[in-house]
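> Could you work out the structure for the sequence below:
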Amino acid sequence: MTAFATQILNNGASLKIISADGTRNILKNQIHEVSVINDTVIKIDIGQGALNNIFINFPEVSNPQTPTPDALVDAINIMLQNTIVIPPGISTELNQQKEITDLDSIKSSLLFQAPQISDETNPKTIYKGFAVPGSRTSDAVWAIQKITNNRGIYTYLWAGGNQNFDKVWDNRATLIYPPSANA
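Model prediction:
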């Protein structure tokens, strides 16, 4: 097992995936299928093509702990059926904070739905830029993903090793894309 284990959590209307690459919230209604590929890789298909699917290495998952990849798929499918229900009643600070957290998660998820810009001029490398619509490519407001294809093996790396919105799209080719701790 790697030094940083992956966690898959039921986060109400989304699945929260915490890994060395960062935290992602995937809205449950986006998920089309969860399956096992190559015996130990969990594939979460969000219906937007192969480059947008989420792949999780089963041996790196610490939560939920399951004995087999198939059992992990079953556990994820159960999470997809259950949502957290906020009890009705008067507004409390705790409920308000939960709503703010949920809205922040949705906002973050929406920014990563589709890139604002994509560079596919190199047949083996794709750059995807995520930012608030209307952002200038010269401003340091971008999260930039580099996807490489080495004979059918896809590698997904983030500029600076994170999904922070602090990169300049115009510098995408010269930015550093360190491999994740799980690689």
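> Please work out which helix or strand belonging to this protein has the smallest mean pLDDT.
helix 93-111 (a mean of 72; mean pLDDT, DSSP states H and E).
> which is the next helix or strand following that helix?
strand 117-122 (DSSP states H and E).
> Show me where the protein has its strands.
6-11, 14-19, 22-27, 33-37, 41-45, 54-57, 61-63, 117-122, 125-130, 140-150, 153-158, 167-168 (DSSP state E).
> Model confidence for Pro179, exactly?
pLDDT for Pro179: 85.
> For the residue nearest to it when sequence neighbours are not counted, the count of nearby residues, please.
Closest residue in space to Pro179, ignoring its immediate chain neighbours: Leu157 at 6.5 Å, by C-beta to C-beta, 6 or more residues apart in numbering. Quick note: C-beta positions are derived from backbone N, CA and C, even for glycine. Per other C-beta atoms under 10 Å, the neighbour tally for Leu157 reads 19.
> Surely Leu157 and Leu175 touch.
No - Leu157 is beyond contact range of Leu175, at 9.9 Å (criterion: C-beta atoms under 8 Å).
> Find the centremost residue of the protein, please.
By C-alpha atoms, centre = their mean, the chain has its centre lying nearest to Arg24, at 4.0 Å.
> my guess is it contacts Asn52, does it?
No - using C-beta under 8 Å, Arg24 makes no contact with Asn52, being 11.9 Å away.
> Settle this for me: Arg172 is touching Tyr127, isn't it.
Yes - between Arg172 and Tyr127 there is a contact under C-beta under 8 Å: 4.7 Å.
> Give the intersection of the neighbour lists for the two.
With contacts defined as C-beta atoms under 8 Å, 6 or more residues apart in numbering, the residues shared by Arg172 and Tyr127 are 119, 144, 146.
> could you redo those as CSV and give each row pLDDT and distance to Thr6?
Shown next, in CSV, are the shared contacts of Arg172 and Tyr127 (pLDDT from 0 to 100; distance: C-beta to C-beta, whole Å):
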residue, pLDDT, distance to Thr6
Asp119, 93, 29
Ile144, 95, 23
Lys146, 96, 21
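> Low-confidence stretches in this protein?
1-3, 82-91, 105-113, 180-183 (pLDDT under 70).
> switch to 90 and redo it
1-5, 11-14, 19-32, 46-55, 79-116, 123, 131-135, 151-152, 163-165, 179-183 (pLDDT under 90).
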